[in-house]
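[1] Please find the sequence and the predicted model below.
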Amino acid sequence: KASIMWFRRDLRLTDNRALHAAMQKSDQVIFIFIIDPKQIQNNASVNQSAFFASVLHFKETLAKNNITLLIQTGPVIDVVTEIKTKVPSVSDIYLNFDERGYGRKRDQQTIRHLSQELGIVAHPFLDFTLTSASSIKKQDGSAYQIFTPYYKKWLSVQKDQPLPSLTSTEIQDKQVAEPFEDHIDDLKKLINPNHSYAYQDSLGEQQAVNTLEDFVSNKLADYDQNRDIPALDGTSHLSRYLRTGEISIRTVYDAVSRQPASLGKETFIKELCWRDFYNMIYTIYPNQKDQAINTKFQTIPWINNESQFNAWKNGTTGFPIIDAAMQQLNQTGWLHNRLRMIVASFLTKDLLINWTWGEQYFQEKLVDYDPASNIGGWQWAASTGTDSVPYFRIFNPFTQAEKFDPDAKFIKQYIPALADLPADKIHHIDRLSEADQQQYQVILGKDYPKPIVDHALARKRAIASYKNLNA
Ligand code: FAD
(Lines give C-alpha, C1' and ligand atoms only; values in the text may rest on other atoms or scores of the structure.)
Protein backbone atom coordinates (compact mmCIF):
# COMPACT_ATOMS: atom_id res chain seq x y z
CA LYS A 1 0.00 0.00 0.00
CA ALA A 2 1.01 3.62 -0.55
CA SER A 3 1.34 6.28 2.14
CA ILE A 4 2.10 9.95 2.41
CA MET A 5 4.83 11.15 4.76
CA TRP A 6 3.85 14.71 5.60
CA PHE A 7 6.97 16.60 6.78
CA ARG A 8 6.38 19.65 8.95
CA ARG A 9 8.67 20.71 11.81
CA ASP A 10 10.68 17.48 11.41
CA LEU A 11 13.01 18.12 8.50
CA ARG A 12 15.22 15.06 8.89
CA LEU A 13 15.58 11.42 7.98
CA THR A 14 17.24 10.32 11.21
CA ASP A 15 15.22 9.45 14.30
CA ASN A 16 11.92 10.69 12.91
CA ARG A 17 9.00 8.76 14.40
CA ALA A 18 6.41 9.34 11.69
CA LEU A 19 8.90 8.63 8.92
CA HIS A 20 10.07 5.43 10.57
CA ALA A 21 6.54 4.13 10.92
CA ALA A 22 5.69 5.11 7.34
CA MET A 23 8.71 3.20 6.06
CA GLN A 24 7.91 0.12 8.10
CA LYS A 25 4.24 -0.07 7.24
CA SER A 26 4.11 0.96 3.57
CA ASP A 27 5.24 -0.40 0.21
CA GLN A 28 5.45 3.05 -1.29
CA VAL A 29 5.90 6.42 0.42
CA ILE A 30 5.35 9.88 -1.07
CA PHE A 31 7.23 12.65 0.78
CA ILE A 32 5.45 15.98 0.90
CA PHE A 33 5.81 19.39 2.49
CA ILE A 34 2.71 21.61 2.35
CA ILE A 35 2.77 25.40 2.26
CA ASP A 36 -0.52 26.50 3.76
CA PRO A 37 -1.07 30.14 2.70
CA LYS A 38 -3.07 30.74 5.90
CA GLN A 39 0.02 30.19 7.99
CA ILE A 40 2.29 32.53 6.09
CA GLN A 41 3.49 35.58 8.02
CA ASN A 42 4.78 38.80 6.49
CA ASN A 43 7.90 39.02 4.40
CA ALA A 44 9.80 40.74 7.22
CA SER A 45 9.89 37.57 9.27
CA VAL A 46 13.44 36.26 9.61
CA ASN A 47 12.03 33.22 11.35
CA GLN A 48 9.88 32.39 8.33
CA SER A 49 12.74 32.85 5.83
CA ALA A 50 15.02 30.68 7.94
CA PHE A 51 12.43 27.95 8.28
CA PHE A 52 11.67 27.78 4.57
CA ALA A 53 15.39 27.93 3.76
CA SER A 54 15.68 24.77 5.87
CA VAL A 55 12.85 23.17 3.90
CA LEU A 56 14.57 24.04 0.62
CA HIS A 57 17.89 22.71 1.90
CA PHE A 58 16.19 19.49 3.00
CA LYS A 59 14.60 19.09 -0.42
CA GLU A 60 17.91 19.69 -2.21
CA THR A 61 19.82 17.31 0.07
CA LEU A 62 17.26 14.58 -0.52
CA ALA A 63 17.38 15.20 -4.27
CA LYS A 64 21.14 14.54 -4.25
CA ASN A 65 20.25 11.06 -2.94
CA ASN A 66 17.49 10.55 -5.52
CA ILE A 67 14.75 11.09 -2.99
CA THR A 68 11.89 13.44 -3.87
CA LEU A 69 10.28 15.82 -1.41
CA LEU A 70 7.24 17.30 -3.14
CA ILE A 71 6.44 20.90 -2.30
CA GLN A 72 2.69 21.47 -2.42
CA THR A 73 0.65 24.62 -1.83
CA GLY A 74 -2.87 24.88 -0.46
CA PRO A 75 -5.11 23.51 2.25
CA VAL A 76 -4.04 20.00 3.29
CA ILE A 77 -7.31 18.42 2.20
CA ASP A 78 -6.97 19.80 -1.36
CA VAL A 79 -3.36 18.70 -1.63
CA VAL A 80 -4.07 15.17 -0.40
CA THR A 81 -7.16 14.88 -2.62
CA GLU A 82 -5.03 15.66 -5.65
CA ILE A 83 -2.38 13.14 -4.69
CA LYS A 84 -5.02 10.49 -4.16
CA THR A 85 -6.47 11.19 -7.59
CA LYS A 86 -3.07 10.53 -9.13
CA VAL A 87 -2.15 7.59 -6.89
CA PRO A 88 -5.42 5.90 -5.84
CA SER A 89 -3.59 3.32 -3.71
CA VAL A 90 -2.75 6.03 -1.16
CA SER A 91 -4.54 4.95 2.00
CA ASP A 92 -2.53 6.38 4.91
CA ILE A 93 -0.77 9.55 5.97
CA TYR A 94 2.01 9.80 8.57
CA LEU A 95 2.81 12.95 10.49
CA ASN A 96 4.36 14.19 13.68
CA PHE A 97 1.49 15.77 15.56
CA ASP A 98 1.35 19.25 17.09
CA GLU A 99 0.11 18.72 20.61
CA ARG A 100 -0.17 22.33 21.74
CA GLY A 101 -1.56 25.76 20.96
CA TYR A 102 -3.62 26.39 17.84
CA GLY A 103 -1.69 23.67 16.00
CA ARG A 104 -3.33 20.94 18.06
CA LYS A 105 -6.85 21.90 17.05
CA ARG A 106 -5.80 22.33 13.44
CA ASP A 107 -4.21 18.89 13.33
CA GLN A 108 -7.20 17.24 14.98
CA GLN A 109 -9.57 18.78 12.42
CA THR A 110 -7.33 17.82 9.51
CA ILE A 111 -7.09 14.22 10.67
CA ARG A 112 -10.89 14.03 10.96
CA HIS A 113 -11.44 15.52 7.52
CA LEU A 114 -8.91 13.22 5.88
CA SER A 115 -10.71 10.24 7.30
CA GLN A 116 -14.27 11.44 6.66
CA GLU A 117 -13.80 12.96 3.21
CA LEU A 118 -11.08 10.80 1.70
CA GLY A 119 -11.05 7.65 3.78
CA ILE A 120 -7.36 8.21 4.52
CA VAL A 121 -6.08 6.94 7.84
CA ALA A 122 -3.83 9.39 9.67
CA HIS A 123 -1.03 8.17 11.97
CA PRO A 124 0.00 11.01 14.29
CA PHE A 125 3.15 10.69 16.39
CA LEU A 126 4.50 12.75 19.26
CA ASP A 127 8.03 13.57 18.29
CA PHE A 128 8.78 17.16 19.22
CA THR A 129 9.46 16.82 22.96
CA LEU A 130 11.12 14.30 25.23
CA THR A 131 7.93 13.75 27.19
CA SER A 132 4.40 14.38 26.04
CA ALA A 133 2.35 17.03 27.79
CA SER A 134 -0.04 14.49 29.24
CA SER A 135 2.60 12.08 30.53
CA ILE A 136 3.74 14.15 33.50
CA LYS A 137 0.96 14.85 35.96
CA LYS A 138 0.62 15.34 39.69
CA GLN A 139 -0.56 12.40 41.76
CA ASP A 140 -4.13 13.66 41.63
CA GLY A 141 -3.95 13.72 37.82
CA SER A 142 -3.84 17.51 37.49
CA ALA A 143 -1.17 19.41 35.57
CA TYR A 144 1.88 20.96 37.20
CA GLN A 145 2.00 24.75 37.14
CA ILE A 146 5.34 25.20 38.89
CA PHE A 147 8.62 24.16 37.27
CA THR A 148 10.59 22.61 40.17
CA PRO A 149 8.15 19.83 41.14
CA TYR A 150 7.54 19.18 37.44
CA TYR A 151 11.29 18.85 36.91
CA LYS A 152 11.63 16.31 39.76
CA LYS A 153 8.93 14.14 38.24
CA TRP A 154 10.31 14.64 34.72
CA LEU A 155 13.74 13.38 35.83
CA SER A 156 12.22 10.14 37.06
CA VAL A 157 10.46 9.38 33.76
CA GLN A 158 12.25 7.06 31.33
CA LYS A 159 13.13 8.89 28.08
CA ASP A 160 12.82 7.14 24.72
CA GLN A 161 15.94 6.14 22.80
CA PRO A 162 16.63 7.48 19.29
CA LEU A 163 15.39 5.23 16.49
CA PRO A 164 17.87 3.32 14.31
CA SER A 165 18.95 5.18 11.14
CA LEU A 166 17.33 4.54 7.78
CA THR A 167 19.52 4.17 4.72
CA SER A 168 18.99 6.15 1.51
CA THR A 169 18.51 2.87 -0.38
CA GLU A 170 15.68 1.79 1.92
CA ILE A 171 13.95 5.07 1.19
CA GLN A 172 14.72 5.13 -2.55
CA ASP A 173 13.18 1.66 -2.91
CA LYS A 174 9.84 2.99 -1.70
CA GLN A 175 9.71 6.19 -3.74
CA VAL A 176 6.75 6.69 -6.07
CA ALA A 177 7.76 7.42 -9.66
CA GLU A 178 4.48 9.18 -10.51
CA PRO A 179 5.11 12.69 -11.92
CA PHE A 180 3.65 15.35 -9.63
CA GLU A 181 3.72 19.06 -10.12
CA ASP A 182 6.21 20.56 -7.72
CA HIS A 183 5.68 24.04 -6.28
CA ILE A 184 9.27 24.84 -5.48
CA ASP A 185 8.84 28.41 -6.72
CA ASP A 186 6.22 29.05 -4.05
CA LEU A 187 8.76 27.90 -1.49
CA LYS A 188 11.54 30.09 -2.86
CA LYS A 189 9.27 33.15 -2.69
CA LEU A 190 8.98 32.72 1.06
CA ILE A 191 12.72 33.02 1.55
CA ASN A 192 13.69 36.68 1.75
CA PRO A 193 17.36 36.91 0.66
CA ASN A 194 17.87 39.90 2.99
CA HIS A 195 17.59 37.47 5.89
CA SER A 196 20.25 35.04 4.73
CA TYR A 197 22.67 36.33 7.40
CA ALA A 198 20.57 34.44 9.94
CA TYR A 199 20.84 30.97 8.42
CA GLN A 200 23.22 30.72 5.49
CA ASP A 201 25.94 28.76 7.30
CA SER A 202 23.72 26.65 9.47
CA LEU A 203 21.25 24.68 7.42
CA GLY A 204 20.59 20.98 7.49
CA GLU A 205 20.69 17.73 9.38
CA GLN A 206 24.44 17.29 9.01
CA GLN A 207 25.14 20.78 10.33
CA ALA A 208 22.85 20.07 13.28
CA VAL A 209 24.75 16.89 14.13
CA ASN A 210 28.08 18.76 13.86
CA THR A 211 26.75 21.44 16.21
CA LEU A 212 25.68 18.81 18.73
CA GLU A 213 29.04 17.02 18.57
CA ASP A 214 30.97 20.24 18.96
CA PHE A 215 28.89 21.22 21.96
CA VAL A 216 29.18 17.84 23.69
CA SER A 217 32.96 17.64 23.13
CA ASN A 218 33.89 21.24 23.86
CA LYS A 219 31.25 23.04 25.91
CA LEU A 220 29.04 20.67 27.86
CA ALA A 221 31.30 20.06 30.87
CA ASP A 222 31.51 23.81 31.63
CA TYR A 223 27.98 24.67 30.51
CA ASP A 224 26.82 25.47 34.06
CA GLN A 225 29.56 28.09 34.45
CA ASN A 226 29.63 29.56 30.95
CA ARG A 227 26.00 29.53 29.86
CA ASP A 228 25.23 32.89 31.43
CA ILE A 229 28.15 34.79 29.94
CA PRO A 230 27.23 35.97 26.43
CA ALA A 231 30.85 36.77 25.49
CA LEU A 232 31.89 33.14 26.13
CA ASP A 233 29.30 31.64 23.81
CA GLY A 234 28.99 28.62 26.08
CA THR A 235 25.59 27.35 24.94
CA SER A 236 24.74 24.74 22.34
CA HIS A 237 22.99 26.82 19.62
CA LEU A 238 20.80 23.79 19.02
CA SER A 239 17.55 25.72 19.34
CA ARG A 240 17.34 26.54 15.62
CA TYR A 241 17.63 22.85 14.72
CA LEU A 242 15.13 21.77 17.33
CA ARG A 243 12.72 24.34 15.92
CA THR A 244 12.97 23.01 12.35
CA GLY A 245 13.38 19.42 13.46
CA GLU A 246 16.73 19.14 11.67
CA ILE A 247 17.77 17.28 14.81
CA SER A 248 15.62 15.18 17.10
CA ILE A 249 15.33 15.95 20.79
CA ARG A 250 15.94 12.26 21.58
CA THR A 251 19.25 12.37 19.70
CA VAL A 252 20.30 15.45 21.69
CA TYR A 253 19.27 13.95 25.01
CA ASP A 254 20.94 10.63 24.23
CA ALA A 255 24.27 12.24 23.23
CA VAL A 256 24.32 14.30 26.43
CA SER A 257 23.23 11.52 28.78
CA ARG A 258 26.10 9.31 27.62
CA GLN A 259 28.62 11.85 28.92
CA PRO A 260 30.27 11.54 32.34
CA ALA A 261 28.39 13.16 35.21
CA SER A 262 29.07 16.89 35.57
CA LEU A 263 27.27 19.99 36.70
CA GLY A 264 27.32 21.11 33.09
CA LYS A 265 25.46 17.99 32.00
CA GLU A 266 22.93 18.28 34.82
CA THR A 267 22.25 21.94 34.04
CA PHE A 268 21.86 21.29 30.32
CA ILE A 269 19.37 18.48 30.88
CA LYS A 270 17.39 20.81 33.12
CA GLU A 271 17.14 23.26 30.21
CA LEU A 272 15.72 20.51 28.02
CA CYS A 273 13.15 20.02 30.74
CA TRP A 274 12.16 23.71 30.50
CA ARG A 275 11.36 23.05 26.86
CA ASP A 276 9.01 20.21 27.79
CA PHE A 277 7.55 22.27 30.63
CA TYR A 278 6.59 25.19 28.39
CA ASN A 279 5.24 22.76 25.80
CA MET A 280 3.02 21.27 28.50
CA ILE A 281 1.88 24.69 29.74
CA TYR A 282 0.97 25.69 26.18
CA THR A 283 -1.28 22.64 25.86
CA ILE A 284 -3.28 23.66 28.91
CA TYR A 285 -3.38 27.38 28.08
CA PRO A 286 -3.70 27.50 24.28
CA ASN A 287 -4.76 31.17 24.40
CA GLN A 288 -1.66 32.33 26.21
CA LYS A 289 -0.24 34.16 23.16
CA ASP A 290 -2.60 37.07 23.80
CA GLN A 291 -3.45 36.66 27.45
CA ALA A 292 -1.69 36.67 30.79
CA ILE A 293 -2.03 33.20 32.27
CA ASN A 294 -2.24 34.68 35.74
CA THR A 295 -5.66 36.29 35.61
CA LYS A 296 -4.66 38.82 38.28
CA PHE A 297 -2.36 40.44 35.73
CA GLN A 298 -4.63 40.61 32.71
CA THR A 299 -5.21 44.33 33.08
CA ILE A 300 -1.75 45.78 33.73
CA PRO A 301 -1.90 49.50 32.81
CA TRP A 302 0.73 49.29 30.06
CA ILE A 303 2.10 52.59 28.79
CA ASN A 304 2.97 51.19 25.34
CA ASN A 305 5.03 54.19 24.20
CA GLU A 306 5.71 53.59 20.48
CA SER A 307 8.93 55.58 20.27
CA GLN A 308 10.37 53.75 23.29
CA PHE A 309 9.34 50.47 21.67
CA ASN A 310 11.24 51.50 18.54
CA ALA A 311 14.30 52.38 20.62
CA TRP A 312 14.13 48.93 22.22
CA LYS A 313 13.79 47.19 18.84
CA ASN A 314 16.60 49.18 17.24
CA GLY A 315 18.97 48.99 20.19
CA THR A 316 19.03 52.72 20.90
CA THR A 317 17.81 52.79 24.51
CA GLY A 318 21.05 54.15 25.99
CA PHE A 319 21.41 50.99 28.12
CA PRO A 320 24.47 49.26 26.63
CA ILE A 321 23.53 45.68 27.51
CA ILE A 322 20.02 46.13 26.09
CA ASP A 323 21.32 47.77 22.92
CA ALA A 324 24.04 45.17 22.35
CA ALA A 325 21.54 42.37 22.90
CA MET A 326 19.08 43.82 20.39
CA GLN A 327 21.92 44.17 17.90
CA GLN A 328 22.74 40.50 18.37
CA LEU A 329 19.11 39.63 17.69
CA ASN A 330 18.81 41.96 14.69
CA GLN A 331 22.16 41.01 13.18
CA THR A 332 22.17 37.23 13.73
CA GLY A 333 18.59 36.00 14.29
CA TRP A 334 19.57 34.44 17.62
CA LEU A 335 19.83 35.88 21.11
CA HIS A 336 21.60 34.55 24.17
CA ASN A 337 19.22 33.29 26.88
CA ARG A 338 20.48 35.64 29.62
CA LEU A 339 19.97 38.54 27.24
CA ARG A 340 16.47 37.39 26.29
CA MET A 341 15.63 37.62 29.98
CA ILE A 342 17.25 41.05 30.40
CA VAL A 343 15.64 42.68 27.36
CA ALA A 344 12.25 41.14 28.17
CA SER A 345 12.41 42.45 31.73
CA PHE A 346 13.42 45.88 30.44
CA LEU A 347 10.58 46.09 27.93
CA THR A 348 7.88 44.95 30.31
CA LYS A 349 9.03 46.46 33.61
CA ASP A 350 11.20 49.49 32.78
CA LEU A 351 9.16 50.62 29.77
CA LEU A 352 5.81 49.12 30.81
CA ILE A 353 5.24 47.90 27.26
CA ASN A 354 2.89 44.96 26.84
CA TRP A 355 4.89 41.71 26.73
CA THR A 356 2.85 40.60 23.69
CA TRP A 357 4.62 43.30 21.63
CA GLY A 358 7.99 41.86 22.55
CA GLU A 359 6.79 38.32 21.98
CA GLN A 360 5.63 39.30 18.50
CA TYR A 361 8.94 41.00 17.69
CA PHE A 362 10.85 37.90 18.78
CA GLN A 363 8.54 35.80 16.62
CA GLU A 364 9.64 37.76 13.57
CA LYS A 365 13.32 37.95 14.38
CA LEU A 366 14.31 34.65 16.03
CA VAL A 367 15.43 31.75 13.86
CA ASP A 368 14.56 29.43 16.74
CA TYR A 369 11.09 30.86 17.36
CA ASP A 370 8.93 28.41 19.22
CA PRO A 371 5.58 29.69 20.51
CA ALA A 372 5.59 27.63 23.70
CA SER A 373 9.12 28.64 24.79
CA ASN A 374 8.80 32.21 23.59
CA ILE A 375 5.46 32.91 25.22
CA GLY A 376 6.65 31.04 28.31
CA GLY A 377 9.82 33.14 28.46
CA TRP A 378 7.92 36.40 27.97
CA GLN A 379 5.25 35.60 30.54
CA TRP A 380 8.01 34.60 32.96
CA ALA A 381 9.76 37.95 32.43
CA ALA A 382 6.51 39.91 32.70
CA SER A 383 5.58 37.91 35.84
CA THR A 384 2.22 37.02 34.29
CA GLY A 385 2.78 33.27 33.78
CA THR A 386 2.20 30.19 35.89
CA ASP A 387 5.63 29.77 37.33
CA SER A 388 6.67 33.38 37.25
CA VAL A 389 9.12 35.43 39.21
CA PRO A 390 7.42 37.70 41.74
CA TYR A 391 6.48 40.92 39.95
CA PHE A 392 8.75 43.01 42.19
CA ARG A 393 11.89 41.21 41.03
CA ILE A 394 13.03 43.52 38.24
CA PHE A 395 16.39 43.21 36.49
CA ASN A 396 18.67 46.21 36.78
CA PRO A 397 20.27 46.42 33.31
CA PHE A 398 23.47 47.98 34.70
CA THR A 399 24.10 45.39 37.42
CA GLN A 400 23.14 42.55 35.07
CA ALA A 401 25.75 43.83 32.62
CA GLU A 402 28.36 44.12 35.36
CA LYS A 403 27.72 40.58 36.48
CA PHE A 404 27.38 38.79 33.14
CA ASP A 405 29.56 40.94 30.89
CA PRO A 406 32.11 42.27 33.38
CA ASP A 407 34.72 43.34 30.80
CA ALA A 408 31.98 44.66 28.50
CA LYS A 409 33.42 42.40 25.81
CA PHE A 410 30.02 41.47 24.46
CA ILE A 411 28.77 45.05 24.60
CA LYS A 412 31.80 46.33 22.69
CA GLN A 413 31.40 43.64 20.06
CA TYR A 414 27.97 44.97 19.15
CA ILE A 415 28.36 48.68 19.94
CA PRO A 416 31.51 49.99 18.26
CA ALA A 417 30.81 53.50 19.62
CA LEU A 418 31.70 52.21 23.09
CA ALA A 419 34.83 50.31 22.04
CA ASP A 420 37.25 52.68 23.80
CA LEU A 421 35.22 53.29 26.92
CA PRO A 422 36.49 51.32 29.97
CA ALA A 423 34.07 48.62 31.21
CA ASP A 424 33.43 50.31 34.57
CA LYS A 425 32.33 53.48 32.77
CA ILE A 426 30.07 51.51 30.41
CA HIS A 427 28.41 49.87 33.39
CA HIS A 428 27.62 53.33 34.82
CA ILE A 429 27.09 55.19 31.57
CA ASP A 430 24.14 57.09 33.04
CA ARG A 431 26.69 58.85 35.25
CA LEU A 432 29.37 59.49 32.60
CA SER A 433 30.90 62.86 33.40
CA GLU A 434 31.42 65.65 30.84
CA ALA A 435 35.17 65.17 31.19
CA ASP A 436 34.92 61.42 30.49
CA GLN A 437 32.68 62.08 27.49
CA GLN A 438 35.35 64.40 26.07
CA GLN A 439 38.26 62.11 26.95
CA TYR A 440 36.73 58.95 25.42
CA GLN A 441 34.88 60.79 22.67
CA VAL A 442 31.55 59.34 23.58
CA ILE A 443 29.21 62.30 23.71
CA LEU A 444 25.91 61.09 25.12
CA GLY A 445 23.02 62.05 22.89
CA LYS A 446 25.40 62.25 19.90
CA ASP A 447 27.74 59.23 19.74
CA TYR A 448 25.58 57.08 21.93
CA PRO A 449 21.99 57.72 23.17
CA LYS A 450 21.17 58.99 26.63
CA PRO A 451 19.20 56.40 28.67
CA ILE A 452 15.53 56.64 27.67
CA VAL A 453 14.33 56.04 31.24
CA ASP A 454 15.67 56.39 34.76
CA HIS A 455 15.85 52.78 35.91
CA ALA A 456 15.22 53.53 39.61
CA LEU A 457 12.09 55.53 38.84
CA ALA A 458 10.88 53.07 36.23
CA ARG A 459 11.29 50.25 38.72
CA LYS A 460 9.12 52.05 41.28
CA ARG A 461 6.52 52.79 38.62
CA ALA A 462 6.33 49.13 37.57
CA ILE A 463 6.01 47.90 41.13
CA ALA A 464 3.18 50.36 41.77
CA SER A 465 1.34 49.25 38.61
CA TYR A 466 1.60 45.57 39.48
CA LYS A 467 0.92 46.06 43.17
CA ASN A 468 -2.48 47.59 42.52
CA LEU A 469 -3.54 44.47 40.64
CA ASN A 470 -2.00 42.10 43.16
CA ALA A 471 -3.91 43.57 46.08
P1 FAD B 1 21.12 26.06 25.33
O2 FAD B 1 21.44 26.82 26.56
O3 FAD B 1 22.21 25.30 24.68
O4 FAD B 1 19.91 25.08 25.73
C5 FAD B 1 19.68 23.85 25.04
C6 FAD B 1 18.25 23.75 24.63
O7 FAD B 1 17.40 23.73 25.77
C8 FAD B 1 17.77 24.93 23.80
O9 FAD B 1 18.11 24.78 22.45
C10 FAD B 1 16.27 24.88 24.05
O11 FAD B 1 15.66 23.92 23.24
C12 FAD B 1 16.18 24.40 25.49
N13 FAD B 1 16.07 25.56 26.39
C14 FAD B 1 17.07 26.23 27.00
N15 FAD B 1 16.58 27.19 27.80
C16 FAD B 1 15.25 27.14 27.67
C17 FAD B 1 14.17 27.89 28.24
N18 FAD B 1 14.37 28.88 29.12
N19 FAD B 1 12.90 27.59 27.85
C20 FAD B 1 12.66 26.58 26.98
N21 FAD B 1 13.65 25.83 26.42
C22 FAD B 1 14.91 26.11 26.76
N23 FAD B 1 13.72 29.19 23.13
C24 FAD B 1 13.34 28.74 21.92
O25 FAD B 1 13.73 27.65 21.51
N26 FAD B 1 12.52 29.49 21.12
C27 FAD B 1 12.06 30.71 21.51
O28 FAD B 1 11.30 31.35 20.77
C29 FAD B 1 12.47 31.21 22.78
N30 FAD B 1 12.09 32.43 23.20
C31 FAD B 1 12.48 32.89 24.45
C32 FAD B 1 12.03 34.14 24.88
C33 FAD B 1 12.39 34.62 26.13
C34 FAD B 1 11.88 35.97 26.60
C35 FAD B 1 13.23 33.84 26.96
C36 FAD B 1 13.64 34.35 28.31
C37 FAD B 1 13.68 32.60 26.53
C38 FAD B 1 13.31 32.10 25.28
N39 FAD B 1 13.75 30.84 24.80
C40 FAD B 1 13.33 30.39 23.58
C41 FAD B 1 14.56 29.97 25.66
C42 FAD B 1 16.09 30.11 25.49
O43 FAD B 1 16.47 31.44 25.56
C44 FAD B 1 16.59 29.49 24.18
O45 FAD B 1 16.11 28.18 24.03
C46 FAD B 1 18.13 29.43 24.13
O47 FAD B 1 18.68 30.70 24.29
C48 FAD B 1 18.56 28.84 22.79
O49 FAD B 1 19.95 28.82 22.67
P50 FAD B 1 20.76 27.46 22.80
O51 FAD B 1 20.19 26.41 21.91
O52 FAD B 1 22.20 27.77 22.64
O53 FAD B 1 20.43 27.07 24.31
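    Great, that's in hand. Numbering: from 1, shown residues only.
[2] Just checking the distance from whichever strand or helix holds Met326 to the centre of its chain.
    Secondary structure from DSSP states H and E places Met326 in helix 320-332. Relative to the chain's own centre, helix 320-332 is displaced by 17 Å; criterion: C-alpha atoms, centre = their mean, to the nearest Å.
[3] What residues does the stretch 151-300 of the chain have near the ligand?
    Arg227, Thr235, Ser236, His237, Leu238, Ser239, Leu242, Glu271, Leu272, Trp274, Arg275, Tyr278 (C-beta under 6 Å from any ligand atom). C-betas here are computed from N, CA, C, even on glycine.
[4] so where do the helices sit in the stretch 351-471 of the chain?
    Secondary structure of the stretch 351-471 of the chain by DSSP state H, counting those that start in this stretch: the helices cover 355-365, 371-381, 397-404, 409-414, 423-426, 434-440, 455-470.
[5] Among those, which comes closest to the ligand?
    helix 371-381 (2.4 Å; C-beta to the nearest ligand atom).
[6] Can you list the helices and strands that that closest one packs against?
    helix 263-284, helix 337-345, helix 355-365 (3 or more C-beta pairs under 8 Å, 6 or more residues apart in numbering; DSSP states H and E).
[7] export those to CSV and tack on mean pLDDT and mean neighbour count?
    Listed next are the helices and strands packed on helix 371-381 as CSV, based on pLDDT from 0 to 100; neighbours: other C-beta atoms under 10 Å:
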stretch, mean pLDDT, mean neighbour count
helix 263-284, 96, 20
helix 337-345, 98, 22
helix 355-365, 97, 20
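[8] Adding distance to Phe398, write those helices out as a markdown table.
    Below are the helices and strands packed on helix 371-381 laid out as a markdown table (distance: least, C-beta to C-beta, whole Å):
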| stretch | distance to Phe398 |
| --- | --- |
| helix 263-284 | 26 |
| helix 337-345 | 11 |
| helix 355-365 | 20 |
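[9] Pro449: which of those helices is closest?
    helix 337-345 (15.6 Å; C-beta to C-beta).
[10] quick check: angle from the closest one to helix 455-470?
    Calculated by axes from the mean of the first three to the mean of the last three C-alpha atoms, to 10 degrees, helix 337-345 forms an angle of 70 degrees with helix 455-470.
[11] And the closest residue in space to Phe52 that isn't next to it in sequence, how far from Leu13?
    Excluding the flanking residues, the one nearest Phe52 by C-beta to C-beta, 6 or more residues apart in numbering is Leu190, at 4.3 Å. Using C-beta to C-beta, to the nearest Å, Leu190 is found at 23 Å from Leu13.
[12] Which one's more surrounded, the two?
    More crowded of Leu190 and Leu13, by other C-beta atoms under 10 Å: Leu13, with 23 against 18.
[13] Contact partners for that one?
    Leu19, Leu62, Ser165, Leu166, Ile171, Glu205 (C-beta atoms under 8 Å, 6 or more residues apart in numbering).
[14] Helix, strand, or coil at it?
    Secondary structure, DSSP: H, G, I helix; E, B strand; the rest coil: Leu13 is coil.
[15] now do Ser91
    Quick answer, by three-state DSSP: Ser91 is strand.
[16] picking that back up, mind telling me which of the helices of the stretch 351-471 of the chain the model trusts least?
    Of all the helices of the stretch 351-471 of the chain, the minimum mean pLDDT falls on helix 455-470 (a mean of 92).
[17] from the middle of its chain, how far away would it be?
    The mean C-alpha position of helix 455-470 is separated from the chain mean by 30 Å, C-alpha atoms, centre = their mean.
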